[in-house]
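Participant: would you be able to build a 3D model of this:
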Amino acid sequence: MNDGYRNLPAINEAGVFGTPAVVLPIEAIAEVPVISGAEAEYGRNSGAIVNLVTRSGTNDLHGSVYEFFRNNALDARNFFNAKPVKQDAFHNNQFGGSLGGKIIRDKTFFFGSYEGQREHVGIPTIATVPSDADIAKATADNGGVVNPVIAGILARHPFPTPNLGGETAQATTLGSNRVDSLIAKIDQIFGKSDTLSGRYFFGDSDQSFPLALVGGNGLPGFNTTTPTRVQVLSLSGTHIISPRLLLEVRGGWARYAQQFLPEDHTFNPNSIGLNTTSNPQDFGLPVIAISGFTNIGSNSSLPRGRVDTNWQYFTNLSYTTGAHSYKFGYEFRRTFVDQFFDSNHRGKLSFAATLDANGNVIKSALANFIAGNIASGSASVGSSTRDTYQNNHGLYFQDSWRLNHKLTFNYGLRWDYFGVIGEQKNRFSIFDPATASLIIPKQLYPRDLNNFSPRISFAYDLNGNGKTILRAGWGVYYDSFSQDFFVGQLPLNTSNAGVGYNGIGVAPILFSSSPVATIVSGQPVFPSSGFSASDASTVDQKIRTPYYENYNLNVEHQLTTYAALQVGYVGSVGRKLFRLRDINQSNPTTGVRPFPGNTIINQLETTSSSNYNSLQTSLKMIIRRRLDATFNYTWSHSIDDASDGQEYVPNATQPDNSFNTHAERANSNFDTRNRFTSYLTYNFGDSKFVPRLSNGWSINSVVTHSTGQPFTVNYLFENDFNGTGEFYGRPRPRRKSL
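Facilitator: The predicted structure follows:
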């Protein structure tokens, strides 16, 4: 699910079928270990929970070795990898092994495993790039003079050679992925009543792929590299107090370290006279946009990095008596996130054509680039290191009540307190409408102590023979506040990355949109006098914990000995969902802002809502003795007024009109109305010919068909359709004249 609450098809095609409880158990969100803040490039999982299931050793020694590979020689050609260009490479190897056994018979057991992955791919990109002839003509238009800084950029060959005619190139960007993972586990049995387990996970990876999330492009040499290291340590113990009473105690520690760096982060732009930064952390070319051509330079949100450290304690008490199975539990989590986010610190430079009063081109954009004449640009400066933390508490109770042999009833209640996120050096700030200025608050937002989550479900055997089962359930689920929302935003209308990066306090982030007119070797492209506090981020002081209600009703019927049909309704509503909104948006008619002394003020608030309804069906069959098949079909419809809490997808969170957010209500960006999936498995069975090598083989087939998702035609933000200056305008139907 998206952010843990938004109404994606939260339950897959198989839905909740085949499970005795149609609502997630209360304790299901209190498992160890926890990896909070474990972001991928779109990461926003701060506070998320990752459950690892690890095998245990036995008295016998068991092991395994495996290898999986994929090669482009066996693949179809990528649609964009058109002939006559050579087919791009795709090489993927996954390999590993495991070993488990006893240390002390019937007492102490071990298990360990390793998995590695090596992936090397070529990613096709269709780009518009200047040819040598274009550069020669642009140089001639400048009287044969090339700005020495631009000459240094061109000497690095940032543009591939056009190979599809004209100025079009099919470029191949090389991507790679290296992953190494280790798991070790020890289990100790003390007598008949106590068991202690310890587990350690270590994962290390390094990826390199193009990412044009906020500026940047897919040209070779400007990938995003992502070194990542994950460590998880957990201890769990169980104690049988009595035959009816079981105590579980678990503790966990997790550390997640990740950086996102431009591929050319070791290149010092000052070495060619391009003075955009003096901080080695921000080295690499800035984003360079030449009108009519594909950008060069990596993603403008780079570099950034974070180290998440999490501690968790969980205890659970289970008591079984007669028809009841009770569970009580408590959970504590503390999360630290130490990060830096140098969004737009490398800067962005734009080069455009020079026009006369009639709009005729006097000098092309490429000629101005060759001359180093900048049309516009932006940059940020300041230390973005922030150290945030959060303490969470959870309590729950649930009961599985078996009324009779036909009916089982589940009910429970969970309460969560998600602590207010803080910053160790008090570097958060918010906008105060009363004074129309930024202030440093004592607390970022009010506490919310009202997160009560009731859940109820039942399973009923209609005929008492186990062939027809009716299930239904309803539950409330709350979403913890991701720390990314406050110190990791990527809005498309500003470089301000959240309330930790406003322009006041002990470590302000300042912005400039005033580059020099012409680049001069060694001179700052963005003079220090041009930086100031402008765009801002804030938090609505009425913010509350987002939640969703999930409800479903389904029936499962055994048609024959070899076939079962499941049909159900699954729905949910999301309330108090996160969204961003510019509370200082210009009036499209007057051009006046509510707070004239300020520019963009993005406010994080919980004013969005969503609805999801679906019909989910599944047919499972054993067609032949060795052939199994599953056919799933889902019809669904998802509606919301903000399809994303953060702006990782254009037109997903920011409204067209910030003062009429209800007008955004429409099909969700991810709405997929119809989806059909089939799974086929053929098992070859046992063979007497070298059985260790020939037994256990099977052939699997997966086929998926689905309708498309909605899209908005102004994806490229090529014009200010609504006059707000933020390029969020939605297309509107042409009005008919009377």
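Participant: what's the nearest residue to residue 433 once chain neighbours are set aside in contact with, if anything?
Facilitator: Take residue 433 and drop its neighbours on the chain: the residue closest to it by C-beta to C-beta, 6 or more residues apart in numbering is residue 595, 7.5 Å away. (C-beta placed from N, C-alpha, C; glycine too.) Taking C-beta atoms under 8 Å, 6 or more residues apart in numbering as the criterion, residue 595 is in contact with 433, 436, 583-584, 601.
Participant: and with 7 Å instead?
Facilitator: Going by C-beta atoms under 7 Å, 6 or more residues apart in numbering, residue 595 touches 436, 584, 601.
Participant: buried subset of the residues you listed?
Facilitator: 584, 601 (16 or more other C-beta atoms under 10 Å).
Participant: please identify which of the contacts of residue 595 is nearest to residue 303.
Facilitator: Nearest to residue 303 among those: residue 601, at 26.1 Å, using C-beta to C-beta.
Participant: that older thread, of the contacts of residue 595, closest to residue 499?
Facilitator: Of all those, residue 601 has the smallest distance to residue 499: 10.9 Å, by C-beta to C-beta.
Participant: my guess is that closest one contacts residue 534. True?
Facilitator: No. The criterion here is C-beta atoms under 7 Å, and residue 601 misses it with residue 534 at 10.1 Å.
Participant: quickly find the element holding the residue lying closest to residue 401 once chain neighbours are set aside.
Facilitator: Take residue 401 and drop its neighbours on the chain: the residue closest to it by C-beta to C-beta, 6+ apart is residue 409, 4.5 Å away. Using DSSP states H and E, the element containing residue 409 is strand 407-418.
Participant: now tell me what touches that strand from outside.
Facilitator: Defining contact as C-beta under 7 Å, 6+ apart, one finds that strand 407-418 is touched by 20-21, 23, 26, 392-403, 449, 451-460, 478, 480-481, 545.
Participant: part of a helix, is residue 334?
Facilitator: No. Using DSSP: H, G, I helix; E, B strand; the rest coil, the assignment for residue 334 is strand, not a helix.
Participant: hmm, it is touching residue 309, no?
Facilitator: No. Contact between residue 334 and residue 309 fails when scored by C-beta under 7 Å: they sit 8.6 Å apart.
Participant: hey, what's residue 610 bridged with?
Facilitator: On the basis of DSSP bridges, residue 610 is bridged to residue 574, residue 640.
Participant: so where is this protein shaky, pLDDT-wise?
Facilitator: 1-55, 57, 212-216, 650, 687, 689-694, 713-721, 729-738 (pLDDT under 70).
Participant: on that earlier part again, from the contacts of strand 407-418, which would you call buried?
Facilitator: Buried members of the contacts of strand 407-418, counted by 16+ other C-beta under 10 Å: 21, 23, 26, 392, 394, 396-400, 451, 453, 455-460, 478, 480-481, 545.
Participant: which SS state does the residue nearest to residue 351 when sequence neighbours are not counted fall under?
Facilitator: The shortest distance from residue 351 to any residue other than its chain neighbours is 4.2 Å, reached at residue 369 (C-beta to C-beta, 6+ apart). Here residue 369 takes the helix state, with states given by three-state DSSP.
Participant: ok, residue 369 - contacts?
Facilitator: So residue 369 contacts 150, 290, 351 (C-beta under 7 Å, 6+ apart).
Participant: that one and residue 363, how far apart?
Facilitator: Residue 369 sits 10 Å away from residue 363, going by C-beta to C-beta, to the nearest Å.
Participant: try residue 317
Facilitator: Distance of residue 317 to residue 363, given as C-beta to C-beta: 77 Å.
Participant: what sits against residue 515?
Facilitator: 349, 374, 377, 525-526.
Participant: if we use 8 Å, what do you get?
Facilitator: 347, 349, 374, 376-377, 379, 525-526, 530.
Participant: now residue 320: how far from residue 480?
Facilitator: On the measure of C-beta to C-beta, residue 320 and residue 480 end up 31 Å apart.
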